[in-house]
Each structure stands twice: as C-alpha cells, then as structure tokens.
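# Got a sequence here, can you build the structure:
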Amino acid sequence: MTDERKPILTINGMSKRFGATQALDKVSLTLYPGEVHALLGENGAGKSTLIKIMTGIYQPDEGQMLLDGKPIEIHNTAQAQSHGIAAIYQEPMIFPDLNVAENIFISHQGRGAIVNWGKMYRDAEDILAKLGVHIDVRRQARGLTLAAQQTVEIAKALSLKTRVLIMDEPTASLSAHEVAQLFRLVRNLRDQGVAILFISHRLEEVFEISDRITIFRDGQFVSSNLASDVTTQSAIHDMVGRDMESFFVKDKAKRGELLLSVRGLTKYGKFSDISFDVYHGEVLGFAGLVGAGRTDVALALFGIEPADEGQIIFDGEPITMTSPAQATDLGIAYVPEDRREHGLVLPMSIASNITLPILKKYLGRFGLVNYTAEHETAEAYRKRLSIRTNSVDVQANDLSGGNQQKVVLSKWLNTNPRLLILDEPTRGIDVGAKAEVHSIVNQLAQDGLGIILISSDLPEVLAMSDRVLVMREGQQMGIFEGDEIDQEVIMTAAMGQAEQTRMSS
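Take a look at the predicted model:
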C-alpha cells in the first residue's frame, strides 16, 4: 500500500478532556479508500473517545477533521451518517421484532408515510448480494446468529452510502468460523473502496485483516505504519511503552494438598463424565473450542446450574452443589466470562461491587452498611490489584475493561476463596492489562489457591497452566501435563483427533 491516493478522512491534532482526564492529546489519523486501518491501544488509550468524536457523540476541544480535504464538524450521528461515516460495535444494535430489510433501512429519513415494500426488499437483497451473502430479507431479525446480525449492520451502513466504516471489537463474541465470514465481508468492502477503521484486542486478527496499523497510548499518537512493517513485539512495545518478551509469565508453584476432586460430573445435554483434581497452588487450564462445555462445568461447580450426576469432593468432604451462596460459603469463587453482564453492577461504585457478595459482613447496627469498613476494603484492593482510579466511589461503568476485570477479581478475592474459577479472565482487555491479570493469577497460585483457568486464548492456557484439561462437545478428551502441554497436542485433542485420551491426576 502507498500514500499516493487521496485520503477520505483526515484527523489532525484532535484533543478531548474530561475533567482532570486528558482522553485525547493532539492525535492524528488518516484513512484511505480501499484500506483496512487498525487502531490499537490499551484500554484508556483514547480509541473509544476518538470513535465518539468521529460519529458525533462527543465534540472535540481542539483539532480538525477533514473529509476529502475539506473541514467538517460533526455534532450528532445523523450528521456523521450524512458524511458517510458509520460504526458497528461488538454487540449489534438491531431491532429483533423487525425483519432484515426493515433493519437495513431503519435509519433512512424522509421516506414518506407509505412504504414501497417491494422496492425495499429488492434493495435489501441487492445490498446483501454486493456483500456476497444470502439472508432472507423478510426474516425477523430475532434468532439471527451474531455473525448474521453483524452482516445486517454492515448492510445498513452500505444502505447509507457509507465511505468510512468503524468496526469496534466486532469479533469479540464470534466463533472462529464466524470471524472468517466477517473478514470475507470486510475484504469485500475494502475492494469496493470503503475505508475501514478496525479496532480489536486480538493481535492475530489485526495482522490478518489490516493494511495499516496506528497505535495510541495514554491518549497520544505513538505510531502509524503499514501492517507489513509492524511485528507483534513492536506493536506491543508501542502500546504499553515497554518490551514484553515474555508475554505470559507463570512461576512454578509448589503443589499442595488435594483441594477438589470431581468424578463423573454430568449435566444432561451439556457435558458428561468429567473427572479431574485440583490441588492447592495449582492452575488447571480448561481448553477447547467454542461450545465445548467448559463454562457449563464451571457453572455446575459454582452451583448456578447444578450437575445431574457425579461426585464432587471439596477439601475432603463430599458435597452436592446447589447454589452460588453454598459455593461461596465453602470457599469457591467464580469470575464469569461476561464481566459487564454477570460480573458487575455497572451503576454501582467500585466499593459497593467489591463488597457485594459478602455484604452482610459490612452491615452494622440496624442493618446499615458500614461505609468506612467498605471503603477500607475497596481501597486495599485498589492498591493490591493496581486498579487505575482516583476513588473507589466512581461507578464501575466508568472504568476501562481491564480495570473492570480487576474489580471483579477483587470482588471474589474478598470472599477469601480457596478455589478460584476464572472464565475467560482476559477477554476484551488490552495486552498491558492481560499481563497484570496474569501476574495476579501467578501470585494467587503462589499463595496456595487452587485455580481453574478457562480460556479460548490457547497461548494463555499453555503458559499459565500446570496441567490442561481438554474438552470437546461436552466430552473430556484428556488431561495433559509437562511436555504434553503443547499447542499442537492440545488443538489435536480439542478437534477430536487425539490418538488417545489420557487421564492424569
């Protein structure tokens, strides 16, 4: 790729401040037609703020935006759309009770009181045909897969003659097959001359799909280069400001006494005959493809969806797990996969979230919360886990993804668990925050906690686990340790091609 073409959109010296926080500090970005431009940076680097300025949600304090070389100002999303700028996000914003065609044209203005349904359906089919996909335009949007919903969102953007398409973490909730489908659409759009701004924490995806990579750090522009001139290590260095030669680091912890023993655990329709042990000071990784049943096992162990058959022995005592309250009382904690949906009460403060699972311990006379004790606890975890905030009174919703994850960890560590189940603990957070979470997990294992680590990030599982249990379609394919913890071995088992399963305790 060269810079000989004229850019569609140029951003020069853009700044935005929120109170004492300088979210953007004179950043610049240039988008060319027919190019996928990745924007990288840690949580809090300013990516979301820039997107909101580009789409008219925020107004910049200073700086200039040029469209085809001419200055423009965007004060709302309708103006952004009129300039050919649109955005799609991690969670598609479709109307489930409308059909596909209605969703595609929902943003169109001035169509009059009478809808020409035939023309709308034909136009919707034409747009989808340009994308190279077939979806029944008369079908109700409810029930569409996430990948199909993303396709409808892209079709909606094309219906508005979008020239600049912003894609903010569009693959975060998609399977590998769905990501491949989405990337085919992205390349199709690129070939049609659309400028695409692609944002993702998954570096392997960035290098697969992007032509150019720009990196922000702490609200400032750091670098912009052709993707062919960027390496994973150079990107990480620019994002975090330091080299991370050892991205995943885990010290070998001394394995202690047996903590948890599971035999023949079964949940009808979800998983069957799962057996494993967890020791104090050990990280047992759970690997497998999407839909393997790993989270279902975690939900059973924490009592959210109790198992139908099998035996659970915890700290030497047989138990029948029936509720999260029972699990918490026993010393089992579960950090869920979706921190925003299941891990936090976003409108509540950091302090209130951290103390929520054991709130009764913070109640004083007459059932009132002892706010002093609550704040002391929250402040201790803020320092211990390096939660980046000036006050534990701020809402959890105001934190970056990495800091939200640290609050969820604090919340469950505050229950003083002996077994910690981590379900996708680094999903959707930046490389710097990942390293911090790994350091926390490492220290917890050193302190003697038993840890179950569920992750779809295979390098993370391989590097952080003492042993790895592999699942496929609800079945246990084997437990691997030592030299067996190898990417090819684990993936072979996850895909059901292992020559033999193995069980080691």
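# C-alpha only now, for contacts and for neighbours.
Will do.
# Kindly state the domain boundaries assigned to this structure.
Each domain of the chain is listed here as a residue range: 9-240, 258-331+417-494, per automatic domain parsing.
# Point out the most buried one among those domains.
Neighbour counts (mean count of other Cα atoms under 10 Å) averaged over each of the domains of the chain peak at domain 258-331+417-494, with a mean of 20.
# What's the end-to-end length of that domain?
For domain 258-331+417-494, the first-to-last residue distance is 26 Å (Cα to Cα, to the nearest Å).
# on that earlier part again, tabulate the domains of the chain in JSON lines, adding columns for mean pLDDT and distance to K252.
Below are these laid out as JSON lines (pLDDT from 0 to 100; distance: least, Cα to Cα, whole Å):
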{"stretch": "domain 9-240", "mean pLDDT": "88", "distance to K252": "25"}
{"stretch": "domain 258-331+417-494", "mean pLDDT": "90", "distance to K252": "8"}
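# Can I get the helix or strand harbouring N403 as PDB, trimmed to CA atoms?
Here N403, judged by DSSP states H and E, is contained in helix 401-413. Extracted C-alpha coordinates of helix 401-413, given in PDB (Å, rounded to 0.1, in the frame of the first residue of the first chain):
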ATOM      1  CA  GLY A 401     -12.300  -3.000  30.600                       C
ATOM      2  CA  GLY A 402      -9.000  -4.100  32.300                       C
ATOM      3  CA  ASN A 403      -9.800  -2.200  35.400                       C
ATOM      4  CA  GLN A 404     -13.400  -3.500  35.500                       C
ATOM      5  CA  GLN A 405     -11.900  -7.000  35.400                       C
ATOM      6  CA  LYS A 406      -9.700  -6.200  38.300                       C
ATOM      7  CA  VAL A 407     -12.800  -5.000  40.300                       C
ATOM      8  CA  VAL A 408     -14.500  -8.400  39.500                       C
ATOM      9  CA  LEU A 409     -11.300 -10.200  40.700                       C
ATOM     10  CA  SER A 410     -11.300  -8.000  43.900                       C
ATOM     11  CA  LYS A 411     -15.000  -8.800  44.500                       C
ATOM     12  CA  TRP A 412     -14.400 -12.500  44.600                       C
ATOM     13  CA  LEU A 413     -11.000 -12.400  46.300                       C
END
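# Any chance you could list what contacts that helix?
Helix 401-413 has contacts (Cα atoms under 8 Å, 6 or more residues apart in numbering) with 43, 333-335, 339, 343-344, 350, 353-357, 381, 385, 387-388, 396-397, 425-426, 428-430, 433-434, 437.
# Can you show me the strands along the stretch 101-250 of the chain?
Listed in chain order, the strands of the stretch 101-250 of the chain (DSSP state E, counting those that start in this stretch) span residues 164-168, 195-199, 212-217, 220-226.
# a markdown table for the ones you listed, including distance to Q149?
Shown next, in a markdown table, are the strands of the stretch 101-250 of the chain (distance: least, Cα to Cα, whole Å):
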| stretch | distance to Q149 |
| --- | --- |
| strand 164-168 | 14 |
| strand 195-199 | 18 |
| strand 212-217 | 27 |
| strand 220-226 | 31 |
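# Nearest to A23, out of those?
Evaluated over the strands of the stretch 101-250 of the chain, closeness to A23 peaks at strand 220-226, with 8.5 Å, by Cα to Cα.
# Quick one: work out the angle between that closest one and strand 212-217.
In terms of direction (axes from the mean of the first three to the mean of the last three Cα atoms, to 10 degrees), strand 220-226 departs from strand 212-217 by 160 degrees.
# Neighbouring strands of strand 220-226 in the sheet, and parallel or not?
Strand pairing for strand 220-226, determined by DSSP bridges: strand 212-217 (antiparallel).
# now the strand it pairs with and strand 195-199, what's the angle there?
Here strand 212-217 points in a direction 40 degrees away from that of strand 195-199 (the same axes, to 10 degrees).
# what separates stretch 277-286 from the chain centre, distance-wise?
Chain-centre distance of stretch 277-286: 24 Å, with Cα atoms, centre = their mean, to the nearest Å.
# mind saving the C-alpha coords of it as PDB?
Output of stretch 277-286 as PDB, limited to C-alpha atoms (Å, rounded to 0.1, in the frame of the first residue of the first chain):
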ATOM      1  CA  ASP A 277      -8.500 -33.000  40.500                       C
ATOM      2  CA  VAL A 278      -7.300 -29.600  41.600                       C
ATOM      3  CA  TYR A 279      -4.500 -29.000  44.100                       C
ATOM      4  CA  HIS A 280      -3.600 -26.100  46.300                       C
ATOM      5  CA  GLY A 281      -1.200 -23.900  44.400                       C
ATOM      6  CA  GLU A 282      -2.100 -25.300  41.000                       C
ATOM      7  CA  VAL A 283      -3.600 -23.800  37.900                       C
ATOM      8  CA  LEU A 284      -5.700 -26.300  36.000                       C
ATOM      9  CA  GLY A 285      -6.400 -24.900  32.500                       C
ATOM     10  CA  PHE A 286      -9.600 -25.800  30.600                       C
END
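# Please renumber the chain so that the first residue is 27 from this point on.
Got it, first residue is 27 now, which makes that one stretch 303-312.
# what's that stretch in contact with?
279-288, 320, 444, 470-481, 487-488, 490-497, 531.
# Among those, name the ones in strands.
284-288, 476-480, 493-497 (DSSP state E).
# quick one on the thing from earlier: now the helix holding N429: mean pLDDT?
Average pLDDT, helix 427-439: 87.
# As a markdown table, the domains of the chain with distance to K437 would be great.
Listed next are those as a markdown table, based on distance: least, Cα to Cα, whole Å:
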| stretch | distance to K437 |
| --- | --- |
| domain 35-266 | 21 |
| domain 284-357+443-520 | 11 |
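# Can you tell me which of those domains is nearest to Y388?
domain 284-357+443-520 (16.0 Å).
# N214 reaches L157, doesn't it?
Yes: between N214 and L157 there is a contact at 6.4 Å, judged by Cα atoms under 8 Å.
# In helices only, show me the contacts of helix 427-439.
If you go by DSSP state H, the contacts of helix 427-439 have 376, 379-381, 407, 459-460, 463 in helices.
# Quickly check those for the two that are furthest apart.
Among the ones in helices among the contacts of helix 427-439, T381 and K460 lie farthest apart (Cα to Cα), at 23.8 Å.
# Only alpha carbons, please: show stretch 344-354 as PDB.
Presented in PDB, the C-alpha positions along stretch 344-354 are these (Å, rounded to 0.1, in the frame of the first residue of the first chain):
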ATOM      1  CA  PRO A 344     -18.400 -34.900  49.600                       C
ATOM      2  CA  ILE A 345     -20.800 -32.100  48.600                       C
ATOM      3  CA  THR A 346     -23.900 -31.600  46.500                       C
ATOM      4  CA  MET A 347     -23.500 -28.200  45.000                       C
ATOM      5  CA  THR A 348     -26.900 -26.500  44.700                       C
ATOM      6  CA  SER A 349     -26.300 -22.700  44.800                       C
ATOM      7  CA  PRO A 350     -23.700 -19.900  44.400                       C
ATOM      8  CA  ALA A 351     -24.300 -19.000  48.000                       C
ATOM      9  CA  GLN A 352     -23.300 -22.500  49.100                       C
ATOM     10  CA  ALA A 353     -20.200 -22.400  46.900                       C
ATOM     11  CA  THR A 354     -19.200 -19.000  48.300                       C
END
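# List the buried residues for stretch 422-429?
Across stretch 422-429, burial judged by 16 or more other Cα atoms under 10 Å covers 422-423, 425-429.
# Pull up the distance across that stretch, start to finish.
One end of stretch 422-429 to the other measures 9 Å (Cα to Cα).
# With stretch 59-68 instead?
Stretch 59-68 has its terminal residues 26 Å apart, counting by Cα to Cα.
# Mind listing residues that contact it?
Against stretch 59-68 from outside (Cα under 8 Å, 6+ apart): 31, 33-34, 57, 73, 189, 215-227, 232, 235-244, 265-266, 455-459.
# redo that, cut-off 6 Å
Under the contact criterion Cα atoms under 6 Å, 6 or more residues apart in numbering, stretch 59-68 has outside partners 216-217, 219-225, 236-243, 265, 456.
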